[in-house]
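Peer 1: output the structure for:
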Amino acid sequence: MEAVHTDASSNATIMLKVIIGALVAAALFWIIESFVDVLFVYQHDEMHNWLIPHDTNMLLHRILVIILFLAFGTVNGLATIKRRRLEMQLRERDELDSLTRIYNRRMALTFLEKEMHRSKRYKEKIGRKDPAVIMFAIDHFKKVNGKYGHNIGDLVLTSVSEVVKNNIRNADILARFGEEDFMIIATETNMEGAKILAEKVRHTIEQHNFEVVERVTVSIGLSVYKNDDTLDYLMKRANKALYNAKKAGRNRVEVSD
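Peer 2: Next up is the predicted model:
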């Protein structure tokens, strides 16, 4: 809803700017043509009424030109909004998961690489905190699809996304990583902070009353970036922790070595 509201406000701003620009251009046209008329048509003895043409046809001509200015401005504004909407749709299709409307796997890895690079860059900074990778999967999701159907399965996926999105920091990044797998990049944190966040996510989902299926749980694995980590190794440690959480009974948080 926030994105829709922001987009509507932005579109209204675009239209307002274009129409104001058209009005300014029309006003300048009126003033310049009036001044030219005084110099070459009405002569200087009629300067006291120079903004309003005495000739009806000339007055109608100016009004028509102003209408054309406004029409052009409106069309230009609508075209700008349409182009901007298309650009946003293309960007969203490239960056967001089509079902849950959170970031997709490609964007998650892109963000994680950036966070790792930033952490390396400021590795000497006192009090520096590193990014943490929190991988979680919906427990027994295939059974949900089998029992209730894929439409309800999709509803569970979107609901889990919303629940998690509302329980992480604005600086954290949530992405769908697989069919029932998700990833949180907790920026500038430490092991203790990452564990608190992971447990909060696990507990919140466990307590949430989902439509139709009522209760859902998740298994969570996490790893915190170390100076010698590559992207693949960091992800491998997080996935191993997730595997350990599933193996240990699910609905739990496990930490990588």
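
Peer 1: which positions in stretch 215-234 come out as buried?
Peer 2: Of the residues in stretch 215-234, those with enough neighbours to count as buried (16 or more other CB atoms under 10 Å) are 216, 218, 219, 220, 221, 222, 223, 224, 225, 229, 234. C-beta coordinates here come from the backbone N, C-alpha and C atoms, glycine included.

Peer 1: would residue 254 count as being in a strand?
Peer 2: Yes - in this structure, residue 254 lies within a strand as judged by DSSP: H, G, I helix; E, B strand; the rest coil.

Peer 1: picking that back up, among the buried residues of stretch 215-234, which pair sits farthest apart?
Peer 2: When the buried residues of stretch 215-234 are compared pair by pair using CB to CB, the two farthest from each other are 216 and 229, 31.2 Å apart.

Peer 1: before we move on, the earlier item: okay, and which of the buried residues of stretch 215-234 map to helices?
Peer 2: residue 234 (DSSP state H).

Peer 1: quick check, nearest of the buried residues of stretch 215-234 to residue 252?
Peer 2: Among the buried residues of stretch 215-234, residue 219 lies closest to residue 252 (CB to CB), at 6.4 Å.

Peer 1: how about that closest one, nearest residue that isn't a chain neighbour?
Peer 2: Residue nearest to residue 219 in three dimensions, not counting chain neighbours: residue 245, with 4.0 Å by CB to CB, 6 or more residues apart in numbering.

Peer 1: isn't the one you found right up against residue 220?
Peer 2: Yes - distance between residue 245 and residue 220: 5.8 Å, which falls inside the contact criterion (CB atoms under 8 Å).
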